[in-house]
Structure formats: C-alpha cells, structure tokens
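Engineer: Give the three-dimensional model of this entry:
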Amino acid sequence: MGQSSYFVPATAKWPIVGTVGMFIMMIGAANWLNAGPTGPWLFAIGGAIVIAMVFGWFGDVIRESRANLYNSAVDASFRQGMIWFIFSEVMFFAAFFGALFYARILAVPWLGGEGTGAMTHELLWPGFEAAWPTHGPAELGGDFQTIPGFGLPLINTLILLTSGVTLTIAHWALKKEQRGPLVFWMFVTILLACLFLSIQSYEYVHAYRDLGLTLGSGIYGSTFFMLTGFHGVHVVIGTIMLIVIAIRCMMGHFSKKNHFGWEAAAWYWHFVDVVWLGLFIFVYVV
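Structural biologist: Residues are numbered from 1 along each chain as shown. Have a look, this model is predicted:
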C-alpha cells in the first residue's frame with residue numbers, strides 16, 4: 001500500500017470472459033438436465049472458462065498488490081467488497097433455511113390439520129399425520145431413513161470447528177511473521193477441510209445407497225441436500241482459497257501489516273464454519 005492516490009486499474013477483459021463462461025455453463029446445464037448429448041461438454045467448457053477467469057483476474061490483483069499500487073482507500077474498498085460478498089452469501093443461506101423452517105413449522109402442520117389447515121387436511125390428505133422428518137402425503141417421498149446427528153455429522157462439526165482454530169493459530173503466526181508455523185498451520189487447516197469433504201461425500205453415498213435418502217425423498221430430502229450440498233460447494237471454494245493463500249504464504253507475499261488477501265480467505269472460512277453450525281443444529285439434530 002505504497003501509492004498515495006487511489007489506484008484505477010486498466011481496462012480488463014475478465015468480466016466479459018466470466019460472463020461468457022457462465023452463459024455457456026448455464027446452456028450446458030439446461031441441455032444436460034434434458035438429456036442433451038452436448039450438455040456435459042458445454043458445462044465443462046463453460047466451467048473451464050470461469051476457472052481461467054478467476055485465476056487470471058485474481059492474478060492481476062495479486063501482481064498489482066505486489067507492485068505496491070494500492071493505498072489504504074483501495075484496501076478499504078476490498079474489505080467492503082468482501083463484507084458485501086459474504087452478506088450476499090448469508091442471504092442465500094437465509095432463503096434456504098427459510099424454506100426449511102416454512103416446511104417444518106407451517107406447511108407440514110397445515111397438511112396435518114393443525115391451525116387453520118383443518119380443511120386442507122380433511123379434503124386433500126385425510127390420512128396424513130404431521131411429523132418431521134416427513135415422508136410426505138401418501139408417502140410421496142418414499143421410504144427412507146435419516147442420518148443420526150451424533151454420528152458423522154458431529155465428527156464433521158468437530159473437524160470444521162478445529163479448522164477454524166488452526167486457521168486462527170496461523171493468523172497469530174502471520175502477525176509474528178513466522179513463516180514456518182504459518183505455512184504448517186495453513187496446511188493443517190487444508191487437510192481438515194479435505195477430511196470434512198471426504199466424510200460429507202461418504203455420507204451422501206451412504207444416504208443414497210443404504211438409507212434410501214435421495215433428492216426425491218420429498219421435502220425432507222430436497223431441503224437436506226439443498227442445504228448440505230450448497231454448504232459443501234462453499235467448503236470446496238473455501239478450500240481452494242486456502243490452498244492458494246497457503247502457496248502465497250510460502251512465497252512470502254504477506255506481512256503483518258499487509259495481508260488482506262489472507263484475511264479475506266479467513267473471513268470466508270469462518271463464515272462457512274458458522275453456517276455449518278446452523279446446519280448441524282436444524283438439519284441433523286433438532
């Protein structure tokens with residue numbers, strides 16, 4: 001942050017590249033869902049373009065930062081941008097949790113005849129009993145079992161919380177400019193993240209193969225996989241961010257006074273931790 005004036009970057013191609021990549025991805029996804037032969041290929045090509053855009057754009061930002069082109073005002077802009085980005089992610093999860101709470105607190109009881117839903121129950125589904133997890137009216141969700149909260153989900157909770165602790169220890173090392181401990185604890189955090197994803201993947205296989213719990217298992221199955229799957233995508237993104245930041249730590253890109261790139265990744269990871277706590281409580285336990 002050595003520049004006195006506010007740095008204005010040169011015209012960049014990356015926004016339009018990213019737009020084209022996401023457009024191709026959406027076309028591919030729609031084609032894929034409708035059993036189109038080119039769907040998977042278009043989706044993969046679009047995804048590759050988006051990944052190239054991310055690495056290219058962030059590479060430009062890193063080079064500009066290393067060249068001391070940013071001042072405190074630019075740093076504040078980056079912080080505000082990251083805060084708003086995380087806020088937008090909070091709104092995503094708020095909508096998904098809202099769908100879960102609506103189904104559990106309002107829709108299912110109404111179908112069971114509670115509150116003002118007596119006529120709905122009598123006229124549409126007189127044999128339906130309100131309960132959660134629900135198999136749906138007339139057992140539309142099929143026969144399935146749920147995943148016990150105090151098994152693999154509890155282990156994953158402890159793993160993710162531990163990763164937050166190891167990341168904080170890495171931050172302490174960064175502030176003391178101790179590169180060895182910094183890199184060590186960064187890679188411990190990454191290993192914990194990969195372990196979390198491995199257990200989550202096993203849980204999905206177990207749910208589909210052994211428990212009969214699928215995306216087609218009514219409102220319970222759809223909300224379960226929507227929330228845990230969307231969170232899993234964020235863990236993957238956060239893990240990639242941590243890997244990139246760990247490599248930059250090895251290259252000596254950060255100092256105790258100039259390390260917002262590191263902080264941004266840490267903010268995101270702690271956000272992922274907090275969301276998982278909500279998932280563990282309201283999806284697996286309560």
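Engineer: Buried residues, the lowest-mean-pLDDT helix or strand in the chain. List them.
Structural biologist: Sorting the helices and strands of the chain by mean pLDDT, DSSP states H and E puts helix 118-123 at the bottom, at a mean of 72. By neighbour count on 16 or more other Cβ atoms under 10 Å, the buried set for helix 118-123 is 120-121. The way it works is simple: take the backbone N, C-alpha and C, and place the C-beta from them, glycine included.
Engineer: tell me what that helix is packed against?
Structural biologist: On a contact count with 3 or more Cβ pairs under 8 Å, 6 or more residues apart in numbering; DSSP states H and E, helix 118-123 meets helix 108-111.
Engineer: Give me the mean pLDDT for the helix it packs on.
Structural biologist: The predicted model assigns helix 108-111 a mean pLDDT of 86.
Engineer: List the buried residues in the helix or strand that contains residue 266.
Structural biologist: Secondary structure assignment for residue 266, by DSSP states H and E: helix 260-279. When burial is assessed from 16+ other Cβ under 10 Å, helix 260-279 yields the following buried residues: 260-273, 275-276, 279.
Engineer: what does the least confident helix or strand of the chain rub up against?
Structural biologist: 110-113, 128 (Cβ atoms under 8 Å, 6 or more residues apart in numbering).
Engineer: Return the helix holding residue 266 as CSV; C-alpha atoms alone will do.
Structural biologist: Taking Å, rounded to 0.1, in the frame of the first residue of the first chain, the C-alpha atoms of helix 260-279 are listed here in CSV:
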residue,chain,number,x,y,z
PHE,A,260,-5.8,-8.6,3.5
GLY,A,261,-5.9,-11.4,0.9
TRP,A,262,-5.2,-13.8,3.8
GLU,A,263,-7.8,-12.2,5.9
ALA,A,264,-10.5,-12.3,3.2
ALA,A,265,-10.0,-16.1,2.9
ALA,A,266,-10.1,-16.4,6.7
TRP,A,267,-13.4,-14.4,6.9
TYR,A,268,-14.9,-16.7,4.3
TRP,A,269,-13.8,-19.8,6.1
HIS,A,270,-15.2,-18.7,9.4
PHE,A,271,-18.5,-17.9,7.6
VAL,A,272,-18.5,-21.5,6.4
ASP,A,273,-17.9,-22.7,9.9
VAL,A,274,-20.9,-20.7,11.3
VAL,A,275,-23.2,-21.8,8.6
TRP,A,276,-22.4,-25.4,9.3
LEU,A,277,-23.3,-25.0,13.0
GLY,A,278,-26.8,-23.9,11.9
LEU,A,279,-27.0,-26.9,9.6
